[in-house]
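Enquirer: give the three-dimensional model of this entry:
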Amino acid sequence: MRYPEKKATIIGVLMDLGADRRGVDMGPSAIRVADLNGRLAGLGYEVTDAGNISVRNPEMMQIADRKLKYLPEIAAACETLAGKVEAALESGSIPIILGGDHSIAIGSVSGLASFHHKRDHRVGVIWFDAHGDMNTPETSPSGNIHGMPFAAILGHGARELTHIGGFAPKVSAEDCVLIGARSVDPEEAVALKASGVRVVTMRELDERGMSAVMDEAMWLASRRTAGFHVTMDMDFVDPDYAPGVGTPVPGGPTYRESHLAMEKIADSGKMLSFELTEVNPVLDVANRTAELGVQLILSAFGKKIM
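Expert: I've put the predicted structure just below:
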């Protein structure tokens with residue numbers, strides 16, 4: 001791994017505003033209940049738990065803009081998250097961000113990019129998701145910001161989201177890869193094709209295999225950068241294995257394919273930060289999705305079969 005001191009900082013974000021289905025604000029608790037902290041320590045990591053970033057409940061607020069639901073609150077939480085991610089990096093620790101819905105990726109990537117921007121380094125992103133997350137207020141059919149974070153870190157959308165940390169874009173499209181796409185809105189598909197992001201659909205993943213896809217993705221995300229951020233929406237995994245997500249899409253990667261992706265990331269030594277989102281205990285079965293999420297994190301942090 002890149003961090004010889006093997007230090008990890010866990011940051012929870014109780015974000016339940018980016019999507020219509022409720023419950024993902026309990027995701028960080030479910031992941032901790034599955035003993036992420038203790039199992040990371042078992043791999044030899046010095047683990048610091050920075051606690052949770054709290055976010056007000058939707059019942060406490062009104063939606064001011066139907067095209068950007070809860071924008072002020074989401075932007076404020078992402079600002080706070082960016083600061084915590086940057087602080088973890090300053091301490092020599094690798095941040096592990098637990099969501100919450102996927103809108104929090106705006107804050108995670110902003111913090112990582114800000115840390116490396118000050119050192120004249122670029123960063124890449126490997127985005128594991130069944131969806132494109134490339135909508136803007138103009139293209140989104142729902143106004144839900146969890147469908148916009150990839151666009152935001154590329155500089156597209158509301159300034160409150162694109163300019164966290166005072167600069168945009170946070171990353172270059174040529175340093176970004178989306179893996180597992182199988183449910184993309186029509187206008188979003190047009191934006192993805194025009195963006196320059198390397199998109200690996202499930203058809204391509206089926207045809208080429210996870211190993212070859214990951215080799216290409218890690219090369220693209222690291223060839224011109226200091227390394228890459230890994231962000232995983234748990235709906236990337238087939239819902240047979242991860243039922244506790246708000247927007248499940250059949251036909252995703254298997255248990256072993258998902259682990260192989262994480263194992264290859266660990267082998268690369270190029271991961272700068274890790275994020276797991278969209279675990280929804282309300283929709284889960286006996287905490288299966290959070291348990292799998294912890295197992296995938298452990299694989300990304302070096303756990304091997306033997």
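
Enquirer: mind listing the residues bridging to the closest residue to Arg198 other than its chain neighbours?
Expert: Sequence neighbours aside, Val177 is the residue nearest to Arg198 in space, at 4.5 Å (criterion: C-beta to C-beta, 6 or more residues apart in numbering). In this view, the C-beta of every residue, glycine as well, is placed from N, C-alpha and C. Assessed by DSSP bridges, Val177 has beta-bridge partners Ile126, Arg198.

Enquirer: ok, Asp49 to Cys78 distance?
Expert: If you measure Asp49 against Cys78 using C-beta to C-beta, to the nearest Å, the figure is 20 Å.

Enquirer: residues in contact with the host helix or strand of Ile106?
Expert: Assigned by DSSP states H and E, Ile106 falls within helix 105-117. With C-beta atoms under 8 Å, 6 or more residues apart in numbering as the test, helix 105-117 has contacts from 13, 74, 77-86, 89-90, 95, 97, 122-123, 125, 127, 133, 149-150, 152-153, 161, 164-165, 167, 170-171, 226, 229, 231, 272-273, 275, 277.

Enquirer: cool, and stretch 36-48?
Expert: With C-beta under 8 Å, 6+ apart, stretch 36-48 has contacts from 5-10, 49, 88, 93, 96, 98, 294, 297-298, 301-303.

Enquirer: one step back: tell me the mean pLDDT for the helix holding Ile106?
Expert: For helix 105-117, mean pLDDT is 98.

Enquirer: just give me how far it sits from the chain centre.
Expert: Relative to its chain's centre, helix 105-117 lies at 12 Å (C-alpha atoms, centre = their mean, to the nearest Å).

Enquirer: again with stretch 53-65
Expert: Per C-alpha atoms, centre = their mean, the centroid offset for stretch 53-65 relative to its chain is 22 Å.

Enquirer: tell me which element the nearest residue to Gly155 once chain neighbours are set aside falls in.
Expert: The shortest distance from Gly155 to any non-neighbouring residue, by C-beta to C-beta, 6+ apart, is to Pro169 (3.4 Å). In this assignment (DSSP H and E), Pro169 forms part of neither any helix nor any strand.

Enquirer: show me the contacts for Pro169.
Expert: 153-155, 162.

Enquirer: if we can go back for a sec, which parts of the helix holding Ile106 are buried?
Expert: Judged by neighbour count (16 or more other C-beta atoms under 10 Å), helix 105-117 contains these buried residues: 105-117.

Enquirer: do the same with stretch 285-305
Expert: 287, 289-303.

Enquirer: filter the contacts of Pro169 down to the ones in helices?
Expert: Counting by DSSP state H, the members of the contacts of Pro169 that fall within helices are 153, 162.

Enquirer: where along the stretch 201-306 of the chain do the helices fall?
Expert: With DSSP state H, counting those that start in this stretch as the criterion, the stretch 201-306 of the chain has helices at 202-208, 210-222, 255-268, 288-300.

Enquirer: and those as TSV, adding distance to Val184 and mean pLDDT?
Expert: Shown next, in TSV, are those (distance: least, C-beta to C-beta, whole Å; pLDDT from 0 to 100):
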stretch	distance to Val184	mean pLDDT
helix 202-208	11	98
helix 210-222	17	98
helix 255-268	20	98
helix 288-300	22	98
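
Enquirer: out of those helices, which one sits most buried?
Expert: helix 288-300 (a mean of 23; mean count of other C-beta atoms under 10 Å).

Enquirer: so which elements touch that one?
Expert: helix 27-33, helix 36-42, strand 228-233, helix 255-268, strand 271-277 (3 or more C-beta pairs under 8 Å, 6 or more residues apart in numbering; DSSP states H and E).

Enquirer: between the ones you listed, which one is closest to Pro248.
Expert: With C-beta to C-beta, the closest approach to Pro248 among the helices and strands packed on helix 288-300 belongs to strand 228-233: 10.8 Å.

Enquirer: ok, residues contacting the closest one?
Expert: With C-beta under 8 Å, 6+ apart, strand 228-233 has contacts from 102, 105, 108-109, 112, 123-131, 133, 175, 218, 221-222, 245, 265, 270-278, 293, 296, 300.
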